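> Starting from these lines, generate the structure:
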Amino acid sequence: MNLLDEKRPLLIYDGKLGDLYGIFFRNLLLQIVTLGIYRFWATTNSRRYIWSHMRFQDERFEYTGTGGELFKGFLIAIMVVFSAIFAAGVLSVVLRVQTNSVALGALPVIALYLLIVALAAGAFFGAQRYRLSRTRWCGIRGGMTGSALGYGVRAWSYALLCVLTLGQMTPWASMRLTECRINASSFGSLAFRFKGRAWVVYGLFFVTFVGVVVLFAMLFMVFLKSALASMHVGHVPGAGQAPSLSALGSLFLFCALFFIGTMLIRGFYVAALARHVMGNTSLGSQLRFGSNVSVSRLLGFQCGNLAIVVFTLGFGAPIVLHRLMRLAADTLQVSGYLDRHMLGQSAVPEPRTGEGMLNLLDHGGVF
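Residues are numbered from 1 along each chain as shown. You can find the predicted model right below:
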């Protein structure tokens, strides 16, 4: 039988929910004691457990990153961002004094905002590079080339293009950015390859896009039209007066139903996009990947996670993580065979620190 024609599960996950809760509560206690500083080591503890309970070809993965690396990366990110803020502020004052022009004085501030947006977008690229470099399988590690800032500038320009086209370039932009990340990645001596075709998923994207617009219009007419009409005729709370409970209730229902409805509608596109990306990705000539994720499985996963987070007030995070790993193990597929004895070590230099910009400008950051 040709192994390249045989689809099988890519990963086997054998983690235990009880173990995850043990790590979760220990991390939570130490973060409280250290006023949040321990969160970098908490992230490392969770990753080491998850990585060590994921197997490929009966060999377990190993995570070699440290909390110290994450912490140093965070400190470096703080210095870079605040140095840029200070430099932009000084240059803005100098230009305003020298030229007596408010417009020229604002240019450094505008450039600062664009830089921060690019750094935030590039943070995902840098985080992927760090995690790949700290992932080992049979002693072989991953690697990634390219510039996080360059990726961030590209992501920012693509986002502007999507805005100018009212979102219609989103599938194309997603494919190009995914190509950039995957084609810059490697594992050992083998490179990942992906070639996306936006037209394959654009039809479904357009249908879901229209569905979201229709949903917005319907919810607006039901929940917000009367409130806006009352504001137009002058029935607006005066200074110091709180909005009515009915108005707040309408706004809450509008936001909640729009968020949930959008998630359900876009689930069809997201599932198709995941299948396309995985189905067109390979590692060298040895492995070809795929995905059998279905819309029902994806929507059940998303709705379940939302309910868990809301009704457990965040204490269900280990359940969400456990469900994510099980979803990955159940839906990711691979064909082919990777001979570890023929796989050379990665020659890509390892980053010294990790994920500083992501921790600062995205989740868990001070911004």
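> use CA for all of it now, contacts and neighbours both
Will do.
> hey, C-alpha coordinates of stretch 82-93 in PDB?
Provided in PDB are the C-alpha atoms of stretch 82-93 (Å, rounded to 0.1, in the frame of the first residue of the first chain):
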ATOM      1  CA  PHE A  82       8.300  52.500  25.100                       C
ATOM      2  CA  SER A  83      11.500  53.600  23.500                       C
ATOM      3  CA  ALA A  84       9.500  54.100  20.300                       C
ATOM      4  CA  ILE A  85       6.800  56.000  22.200                       C
ATOM      5  CA  PHE A  86       9.400  58.300  23.800                       C
ATOM      6  CA  ALA A  87      11.300  58.900  20.500                       C
ATOM      7  CA  ALA A  88       8.000  59.700  18.700                       C
ATOM      8  CA  GLY A  89       7.000  62.100  21.500                       C
ATOM      9  CA  VAL A  90      10.300  64.000  21.400                       C
ATOM     10  CA  LEU A  91      10.400  64.200  17.700                       C
ATOM     11  CA  SER A  92       6.800  65.400  17.600                       C
ATOM     12  CA  VAL A  93       7.600  68.200  20.000                       C
END
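> neighbouring contacts of that stretch?
With contact meaning CA atoms under 8 Å, 6 or more residues apart in numbering, stretch 82-93 is reached by L104, G105, A106, L107, P108, V109, L112.
> Generate a ChimeraX selection restricted to the buried subset of those.
The buried residues among those can be selected in ChimeraX (16 or more other CA atoms under 10 Å) with this line:
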select :104,105,106,108,109,112
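> For R181, state which of the contacts of stretch 82-93 is nearest.
Proximity of the contacts of stretch 82-93 to R181 (CA to CA) peaks at L112, which lies at 25.1 Å.
> do you know how far S335 is from P9?
According to CA to CA, to the nearest Å, S335 stands 9 Å off from P9.
> How about L224?
Applying CA to CA, the value for L224 to P9 is 47 Å.
> Then V81?
V81 is 42 Å from P9, by CA to CA.
> Also M144?
As judged by CA to CA, M144 and P9 stand 25 Å apart.
> again, but for L164
L164 sits 41 Å away from P9, going by CA to CA.
> higher neighbour count, the two?
P9 (19 against 11; other CA atoms under 10 Å).
> Just give the closest residue to the more buried one, not the sequence neighbours.
Nearest non-adjacent residue to P9, counting by CA to CA, 6 or more residues apart in numbering: Q333, 4.6 Å away.
> What lies in contact with the helix or strand that neighbour falls within?
Using DSSP states H and E, Q333 sits within strand 332-336. If you take CA under 8 Å, 6+ apart as the criterion, strand 332-336 is touched by 3-11, 278, 286-293.
> if you set the cut-off to 10 Å instead, what comes out?
Applying CA atoms under 10 Å, 6 or more residues apart in numbering, the contact partners of strand 332-336 are 2-12, 274-275, 278-279, 281-283, 285-293.
> Just the buried residues of these.
Taking 16+ other CA under 10 Å as the criterion, what is buried in the contacts of strand 332-336 is 7-12, 274-275, 278-279, 281-283, 287-293.
> For the protein, which segments count as strands?
Applying DSSP state E to the chain gives strands spanning 8-9, 12-13, 54-56, 59-63, 135-137, 140-144, 185-187, 190-194, 281-283, 287-291, 332-336.
> just how off-centre is the fourth one within its chain?
With CA atoms, centre = their mean, to the nearest Å as the basis, the distance from the averaged C-alpha position of strand 59-63 to the chain average is 23 Å.
> Please apply the same query to the last one.
Between the centre of strand 332-336 and the centre of its chain there are 23 Å (CA atoms, centre = their mean).
> Could I get the average pLDDT for that strand?
On average, the pLDDT along strand 332-336 is 97.
> pretty sure T353 contacts F40?
No: assessed by CA atoms under 10 Å, T353 is found out of contact with F40, at 11.9 Å.
> Spit out the residues that contact those two alike.
Common neighbours of T353 and F40, counting by CA under 10 Å, 6+ apart, are T66, G67, G68, E69, L70, F71, K72, F74.
> Would you mind writing the PyMOL command to select the buried ones in these?
In PyMOL syntax, the buried subset of the shared contacts of T353 and F40 is picked out as below (16+ other CA under 10 Å):
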select buried, resi 66+67+69+70+71+72+74
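> Looking at per-residue confidence, what score does P243 get?
With respect to pLDDT, P243 scores 59.
> returning to what we had before: make CSV out of the strands of the chain and add distance to L360.
Shown next, in CSV, are these (distance: least, CA to CA, whole Å):
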stretch, distance to L360
strand 8-9, 35
strand 12-13, 30
strand 54-56, 29
strand 59-63, 22
strand 135-137, 23
strand 140-144, 22
strand 185-187, 24
strand 190-194, 29
strand 281-283, 31
strand 287-291, 32
strand 332-336, 31
